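1. Based on what follows, work out the 3D shape:
(one chain, ligands or ions: 1)
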Amino acid sequence: MPNIVVVGAGVSGLTSAYLLSKDGANTITVVAKHMPGDYDIEYASPWAGANVLPMATKASSRWERQTWPELKKLAEEVPEAGIHKMKSRVYRREKDLEKLRNGAYAFDGLFLEDPWYKTLFDDFRELSKDELPQDVASGAEFTSVCINTMLYLPWLLGKCRANGVAFRRGVLKHISEAAAWSQTGSKVDLVVNTTGLMASRLGGVLDQDVIPVRGQVVVVRNEAPYMVTKSGTNDAEDEVFYIMMRAAGGGTILGGTYQKGQWESQPDPNIAMRIMKRAVEMVPELADGKGVQGLDVVRHGVGLRPYRNGGVRLDKEKIDGTWVVHNYGHAGWGYQGSYGCAERVVELASEALNQAKL
Ligand code: FAD
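-> Residues are numbered from 1 along each chain as shown. Next up, the predicted model:
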């Protein structure tokens, strides 16, 4: 019976543990410093919107392609998972498109014209000129999903527990310490490392390519008519614009920022004001046309996206004689790539366990 310890209980750890636990032969323990229900600057998952807006380029789209059908199915068939379907608009500004065409736009595949993901969504369509706001050159609309992370993370944890996964609180200084956390107390065959941003500080890993990308948000009670994002803002290079409404009363998330290398955990009130202004200017009906005054704030928040130079780390290595499968560094797409990445974890785990038998 393979004895597996997963380090981390964010969306990457929980989805990895869940898919591994579908094989009844595996004995699995999840150990983590933070668990669903916690809010902490070292724990990205609760802060995410979270919706599905494909960010990969076509070449690296595997994780998002594999995840979309799973999240769509949950939205359609499993209300208790806390996911719903919602129309989503993507607006492209001319000045960002110019940068994109010249290869000078270091963002992501989301704002490409004629994107690969147009075939992913059943109802993808380009918006007509008369549907576009003033400073927008072109745009698209499709039905996406929005995840209420406060419901979805505990739901995933529950699915794991139903399959026999044990959960333990613990803080590891070195990845090799994972072996001591198994629910059986016997020798661990495999460790899965899903420590997100903190992979940069975990002994045995110390991945210096992992850096925070700070995301400040405002959560409001107002309901949004649709989700929307725009390729840039006039306020600052590292400020972004998006609105998404979580399922089942989870509130509407107004974003945001994309500040590379910044660890600041406290919301900046000036940024918060700009986030709210941009939201009501772009979607006045969000606040019944009353502007920022018409927004009913639940909370201001900051999360750190676990960005990795060179992209997500999904591979395996032997550390101090034990196989470790790494699954960290998902930046701003950890949910929308979660099932694809966790499926890869299952493949890598099987390869490692077979090699260990030789
Ligand atoms: P985390 O959630 O950070 O979990 C890491 C886990 O490892 C925690 O349990 C932690 O306690 C544990 N850990 C770390 N170090 C140790 C240690 N030494 N010992 C024990 N335990 C340890 N993604 C989307 O797909 N869609 C979105 O719309 C979206 N919006 C976002 C908006 C914002 C503002 C932010 C901040 C992020 C957003 N994301 C979105 C990105 C998404 O939140 C992340 O990619 C994802 O949550 C990363 O999950 P993770 O499990 O890898 O890491």
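
2. biggest helix in this protein by residues?
-> Ranked by residue count, the top helix of the chain under DSSP state H comes out as helix 338-357.

3. That one and the ligand in contact?
-> No: for a cut-off given as Cβ under 6 Å from any ligand atom, helix 338-357 has no contacts with the ligand; the smallest distance is 7.3 Å. No exception for glycine: its C-beta is placed from N, CA and C like everyone else's.

4. buried set for that helix?
-> Residues of helix 338-357 classed as buried under the neighbour-count rule (16 or more other Cβ atoms under 10 Å) are 338-346, 348-349, 352-353.

5. Give me the helices and strands touching the helix or strand bottoming out on mean pLDDT in the chain, please.
-> Every helix and strand in the chain was compared by mean pLDDT, DSSP states H and E; the lowest is helix 94-101, with a mean of 87. Contact partners of helix 94-101 among helices and strands, from 3 or more Cβ pairs under 8 Å, 6 or more residues apart in numbering; DSSP states H and E: none.

6. Now do the buried residues in it.
-> Using 16+ other Cβ under 10 Å as the test for burial, helix 94-101 gives 96, 97, 99, 100.

7. what's the neighbour count on the closest residue to the first one other than its chain neighbours?
-> What sits nearest to residue 96 in space, not counting adjacent residues and going by Cβ to Cβ, 6 or more residues apart in numbering, is residue 231, at 3.8 Å. Burial of residue 231, expressed as a neighbour count using other Cβ atoms under 10 Å, amounts to 24.

8. I'd assumed residue 91 was in contact with residue 231.
-> Yes: if you go by Cβ atoms under 8 Å, residue 231 and residue 91 touch, sitting 6.7 Å apart.

9. which SS state does the residue nearest to the spatial centre of the chain fall under?
-> Against the mean C-alpha coordinate of the chain, by Cα atoms, centre = their mean, the closest residue is residue 334 at 2.8 Å. When the structure is split into helix, strand and coil by DSSP: H, G, I helix; E, B strand; the rest coil, residue 334 lands in coil.

10. Could you pull up phi and psi at it?
-> phi -60, psi -40 (degrees, to the nearest 10).

11. What is the helix or strand containing residue 314 packed up against?
-> Assigned by DSSP states H and E, residue 314 belongs to strand 313-319. Judged by 3+ Cβ pairs under 8 Å, 6+ apart, strand 313-319 is in contact with strand 322-328, helix 338-357.

12. so how far is it off the chain centroid?
-> Taking the mean C-alpha point of strand 313-319 and that of its whole chain, the gap between them comes to 21 Å (Cα atoms, centre = their mean, to the nearest Å).

13. touching the ligand at all, that strand?
-> No: if you take Cβ under 6 Å from any ligand atom as the test, strand 313-319 misses the ligand, and the best it gets is 10.4 Å.

14. If we go by neighbour counts, what in that strand is buried?
-> Within strand 313-319, the residues that count as buried by 16+ other Cβ under 10 Å are 313, 314, 316, 319.

15. Residue 277 falls within a helix, correct?
-> Yes: secondary structure assignment (three-state DSSP) places residue 277 inside a helix.

16. can you offset everything so residue one is 10?
-> With the count now opening at 10, the last piece we talked about shows up as residue 286.

17. Give me the pLDDT value at the residue nearest to it when sequence neighbours are not counted.
-> Once its chain neighbours are removed from consideration, residue 286 has its nearest residue in residue 301; the separation is 6.0 Å (Cβ to Cβ, 6+ apart). In this model, residue 301 is scored at 98, pLDDT.

18. And the chain, split by domain according to the record?
-> Here the domain parsing of the chain from automatic domain parsing is 12-56+159-219+320-366, 94-155+220-317.

19. Report the beta-bridge partners for residue 317.
-> residue 219 (DSSP bridges).

20. Closest residue of the stretch 260-367 of the chain to the ligand?
-> Using Cβ to the nearest ligand atom, the closest approach of the stretch 260-367 of the chain to the ligand is made by residue 343 at 2.2 Å.

21. Now do the residue nearest to residue 286: how many residues are near it, please.
-> Counted by other Cβ under 10 Å, the residues lying close to residue 301 total 14.

22. Stretch 84-95 near the ligand at all?
-> No: Stretch 84-95 lies apart from the ligand when judged by Cβ under 6 Å from any ligand atom; the minimum separation is 11.6 Å.

23. Identify the residues contacting that stretch?
-> Under the criterion Cβ atoms under 8 Å, 6 or more residues apart in numbering, residues 60, 80-81, 83, 152-161, 164, 235-236, 253-257, 259 lie in contact with stretch 84-95.

24. Now with 10 Å, please.
-> 59-61, 80-83, 152-165, 167-168, 233-236, 253-259, 344 (Cβ atoms under 10 Å, 6 or more residues apart in numbering).

25. just the buried members of those?
-> Applying 16+ other Cβ under 10 Å to those, the neighbour count classes 59-61, 80-81, 83, 152-165, 168, 233, 235-236, 253-256, 259, 344 as buried.

26. Just flag the most distant two among the buried residues of strand 322-328.
-> Comparing every pair within the buried residues of strand 322-328 by Cβ to Cβ identifies 323 and 328 as the most remote, at 16.0 Å.

27. Good, we can wrap up now.
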